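**Q** Generate a structure from the sequence data that follows.
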Amino acid sequence: MLTWTALTTLPDKDQAEALGLALEDLEPEPTGVGVFEMEDGSGLWEVGAYFTESPDDIALALLAAAHGARPFAVSELPETDWVAHVRRELHPVEAGRFFVYGAHDADKLPEGRIGLLIEAAMAFGSGHHGTTQGCLEAVDKLLTDGTMPRNVADIGCGTAVLAIAAAKVLEGAVIASDIDPVAVEVALANAAANGVSGRVACVEAAGFDHPDLAEKAPYDLVFANILKGPLIELAPAMATHVAPAGHVILSGILNPQADDVIAAYEATGFTLQDRREIGDWTTLTLLR
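**A** Numbers count the residues shown, from 1 in each chain. Sure, this is the predicted structure:
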């Protein structure tokens with residue numbers, strides 16, 4: 001089936017969200033609309049829509065002009081089984097004691113490594129991105145240094161690879177959350193596939209905004225692999241939900257953005273313990 005995409009950018013979040021809502025009323029109707037802060041440090045917001053019928057170029061042009069956006073770039077995508085394509089392209093990733101792999105690479109799991117079976121899916125976080133790898137390496141370092149958290153949260157969990165990793169090496173409770181209901185479903189499925197469904201709870205929530213997350217606080221370890229803006233907004237909530245002497249492992253941070261995130265967390269009582277870069281991305285470990 002052919003698919004068309006229509007993409008544009010805006011400098012303002014509210015304008016971008018308003019344009020996203022307006023796109024949903026187009027004819028032909030898009031099959032999906034997304035509004036995302038771009039990860040290049042530009043401050044721009046990307047607005048995109050997917051269509052299974054050729055979109056109305058005139059209607060798109062009028063919408064872009066009405067919302068102060070750049071003209072939409074419309075592209076026709078070839079028929080591709082993207083999941084199969086990603087599976088072919090993804091190779092296992094070693095991150096400290098952890099080994100992230102898809103079912104097609106199950107025979108490659110090295111002896112003595114902790115396997116994390118994560119298939120290509122609709123939710124973010126296959127384990128192959130530098131941010132996820134950085135978080136796995138960071139928790140591996142904590143464990144090597146003798147820290148053994150007993151109460152763990154994974155905020156913005158995506159596929160829940162970090163929550164699953166924690167459940168496989170720690171004895172305490174693990175709770176994962178994501179604002180996207182699809183991600184929550186994927187997280188539950190992945191926990192079951194990894195044999196830890198009884199150890200990992202998954203809830204739909206923005207940040208810590210869920211009664212189950214509040215009830216289980218304070219946490220000895222919190223993962224948050226999201227983006228710079230939400231991480232900075234979460235800093236005060238982290239300070240109230242993390243136990244004294246507890247840790248946070250933060251990623252989704254472009255290298256030039258790291259100092260701003262560090263400053264926001266130091267202002268709420270955290271101290272930087274570890275900073276690592278993988279490609280364009282930084283992962284931070286901080287102690288409260």
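**Q** Please write out the alpha-carbon positions of stretch 168-181 in PDB.
**A** Only the C-alpha atoms of stretch 168-181 are listed here, as PDB (Å, rounded to 0.1, in the frame of the first residue of the first chain):
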ATOM      1  CA  LYS A 168      16.600  -9.000  35.300                       C
ATOM      2  CA  VAL A 169      19.500  -7.900  37.500                       C
ATOM      3  CA  LEU A 170      17.700  -6.400  40.600                       C
ATOM      4  CA  GLU A 171      15.400  -8.000  43.200                       C
ATOM      5  CA  GLY A 172      13.100  -5.100  43.900                       C
ATOM      6  CA  ALA A 173      10.000  -3.600  42.200                       C
ATOM      7  CA  VAL A 174      10.100  -2.000  38.700                       C
ATOM      8  CA  ILE A 175       7.500   0.300  37.300                       C
ATOM      9  CA  ALA A 176       7.500   1.700  33.800                       C
ATOM     10  CA  SER A 177       5.400   4.500  32.300                       C
ATOM     11  CA  ASP A 178       4.800   6.200  29.000                       C
ATOM     12  CA  ILE A 179       2.500   8.900  27.700                       C
ATOM     13  CA  ASP A 180       1.800   6.700  24.600                       C
ATOM     14  CA  PRO A 181      -0.700   3.900  25.200                       C
END
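**Q** Quick one: name whatever helix or strand follows the helix or strand harbouring Leu63.
**A** If you go by DSSP states H and E, Leu63 is part of helix 57-66. As assigned by DSSP H and E, the chain's next helix or strand after helix 57-66 is strand 73-77.
**Q** Now do the buried residues in the helix holding Leu63.
**A** Ala59, Leu60, Leu63, Ala64 (16 or more other CB atoms under 10 Å). Where you see a C-beta, it was placed from the backbone N, CA and C, and this is true even at glycine.
**Q** for it, packing partners?
**A** helix 13-23 (3 or more CB pairs under 8 Å, 6 or more residues apart in numbering; DSSP states H and E).
**Q** any idea of the angle the helix it packs on forms with helix 57-66?
**A** 160 degrees (axes from the mean of the first three to the mean of the last three CA atoms, to 10 degrees).
**Q** Once you drop chain neighbours, what's closest to Thr147?
**A** Counting by CB to CB, 6 or more residues apart in numbering, His247 is the residue found nearest to Thr147 once chain neighbours are left out, at 6.9 Å.
**Q** Give the residue spans of the stretch 51-200 of the chain that score low on pLDDT.
**A** Scanning the stretch 51-200 of the chain for pLDDT under 70 picks out the ranges 78-91, 120-129.
**Q** Could you pull out the strands in the stretch 1-150 of the chain for me?
**A** 3-10, 32-37, 45-51, 73-77, 93-95, 98-101, 114-117 (DSSP state E, counting those that start in this stretch).
**Q** What lies in contact with the third one?
**A** It refers to strand 45-51. 3-13, 15-16, 19-20, 23, 26, 28, 30-38, 55, 69 (CB atoms under 8 Å, 6 or more residues apart in numbering).
**Q** same question, the fifth one
**A** The set of residues that contact strand 93-95 without belonging to it, under CB under 8 Å, 6+ apart, is Phe99, Val100, Tyr101, Pro110, Arg113, Gly127, His128, Gln133, Leu136, Glu137, Asp140.
**Q** Identify all residues paired with the nearest residue to the fourth one once chain neighbours are set aside through a beta bridge.
**A** Okay, so that is Pro110. Of all residues beyond its chain neighbours, the one nearest Pro110 is Phe99 (6.2 Å), with distances taken as CB to CB, 6+ apart. Beta-bridge partners for Phe99, by DSSP bridges, are Glu94, Gly115.
**Q** Which parts of the protein belong to which domain?
**A** Domain ranges of the chain: 3-77, 124-287, per automatic domain parsing.
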